[in-house]
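Novice: What would the 3D arrangement of this be:
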Amino acid sequence: MSKQTGGGRVDLIAVPYDSARRGERMGAGPEAFMPRLADRLGATGYQVRSVTLELALDPASDPEHRALDAAVSLGVALVDRASRSP
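Specialist: Numbering: from 1, shown residues only. Sure thing, here's the model as predicted:
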């Protein structure tokens, strides 16, 4: 198997949330994984830019709807951010 080299630009977009909880359960994965991925891509010649999406929920929002509100907000933010990537 030959080693491939990069040369382009890559944006890594982390969404560290699970049911509106930042950094908990599945939400802990992106920030734990992303630095290693960025290092490996950089070592193969890619220019890597890492971005973490942050969620701003209204503290007065209904807890029963918070996870749904978070999913919609993060989905919109992800599409917006990805559309601006190279």
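
Novice: ok, residue 82 - contacts?
Specialist: Counting by C-beta atoms under 8 Å, 6 or more residues apart in numbering, residue 82 touches 11, 13. All C-beta atoms are positioned from the backbone trio N, CA, C, and that covers glycine.

Novice: so what pLDDT did it get?
Specialist: You'll see residue 82 listed with a pLDDT of 88.

Novice: One more: residue 41?
Specialist: On the pLDDT scale, residue 41 gets 95.

Novice: Check the one 3 residues further on too.
Specialist: Residue 44 carries a pLDDT value of 93.

Novice: And it, its phi and psi?
Specialist: As for residue 44, its main-chain torsions (degrees, to the nearest 10) stand at phi -100, psi 10.

Novice: Same question for residue 30.
Specialist: phi -60, psi -40.

Novice: what ranges do the strands span in this protein?
Specialist: 9-14, 17-18, 21-22, 47-52 (DSSP state E).

Novice: out of those strands, nearest to residue 77?
Specialist: Residue 77 lies closest, by C-beta to C-beta, to one member of those: strand 9-14, at 9.3 Å.

Novice: what's the angle between the closest one and strand 47-52?
Specialist: Interaxial angle, strand 9-14 versus strand 47-52 (axes from the mean of the first three to the mean of the last three C-alpha atoms, to 10 degrees): 20 degrees.

Novice: list the helices and strands strand 9-14 packs on?
Specialist: Applying 3 or more C-beta pairs under 8 Å, 6 or more residues apart in numbering; DSSP states H and E, one finds that strand 9-14 contacts helix 29-43, strand 47-52, helix 63-83.

Novice: Pull the residues that contact the first one.
Specialist: It stands for helix 29-43. Outside helix 29-43, the residues within contact range by C-beta under 8 Å, 6+ apart are 6, 10, 12, 14, 15, 16, 23, 48, 50, 52.
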